[in-house]
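Chemist: show me how the following folds:
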Amino acid sequence: MMEAELFVAWFEEAARQVRDNRDRLTRLDAAIGDADHGTNIDRGLTEVLKELAESAPRSPGEVLTTAGATLIRRVGGASGPLYGSLFRQMGKTLESPVTLARFAGAFEEGVVAVERLGKATMGDKTMVDALIPASRALALAVRDGVDVRRALDQAARAAAEGAKTTIPLQARKGRASYLGERSIGHEDPGAASAALFMAALAAVAT
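Modeler: So this is what the prediction gives:
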């Protein structure tokens, strides 16, 4: 079972990985955006950890909804509402005790919320290009009866591969879309940070 402590550890590890990669995320965003993605996500996760420490949520769903609400309130630009919607929808959907199947279902619901809010789909050069492959990998792991650790590792690898697929794409959503063909050749910063979130989850589950 996936307990609340695992989800708190997820955000702690995500905060560490984002902090370590903040400059890289900012460089990616400087090429096709506002050059603030790394800073915004880093600041938002710092606020999430503070809120989790103060509120001490007792269930995975509470951890996720707390994190989501905090990101919506504290992070500027598009990334705050999008990541906030992902985690808040997951928290609202997730039932305890948390099995891999329930987590995969909640994650899928969260990704749908991101797609709906951002009006984006695969191939638009957004975080969705990393999140959808991760969601599909989780669904396949559930179908195949894979254990949690292996399933999360597969999801993390799928997200990383999805982020890399954004490099040759022309952006069709967000600020990068204004660049037209000039957006080609750059990894989407939202997809890159989404891959970090999935890598962080896999790391704490091992």
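Chemist: and the helix-or-strand element of the chain with minimal mean pLDDT, what does it pack against?
Modeler: The weakest-scoring helix or strand in the chain, judged by mean pLDDT, DSSP states H and E, is helix 22-32 (a mean of 94). Under the contact definition 3 or more C-beta pairs under 8 Å, 6 or more residues apart in numbering; DSSP states H and E, helix 22-32 sits against helix 37-55, helix 189-204. Every C-beta, even on glycine, is put in place using the N, C-alpha and C of the backbone.
Chemist: show me what contacts the residue lying farthest from the centre of the chain?
Modeler: For the chain, the residue at maximal distance from the C-alpha centroid (C-alpha atoms, centre = their mean) is Glu181, at 26.1 Å. The neighbours of Glu181, taking C-beta atoms under 8 Å, 6 or more residues apart in numbering as the test, are Gln170.
Chemist: the least confident helix or strand of the chain: which residues count as buried?
Modeler: 22, 24-29, 31-32 (16 or more other C-beta atoms under 10 Å).
Chemist: just put these in JSON lines and tack on distance to Asp188.
Modeler: Output for the buried residues of helix 22-32, formatted as JSON lines (distance: C-beta to C-beta, whole Å):
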{"residue": "Arg22", "distance to Asp188": "16"}
{"residue": "Arg24", "distance to Asp188": "13"}
{"residue": "Leu25", "distance to Asp188": "10"}
{"residue": "Thr26", "distance to Asp188": "14"}
{"residue": "Arg27", "distance to Asp188": "13"}
{"residue": "Leu28", "distance to Asp188": "7"}
{"residue": "Asp29", "distance to Asp188": "9"}
{"residue": "Ala31", "distance to Asp188": "10"}
{"residue": "Ile32", "distance to Asp188": "7"}
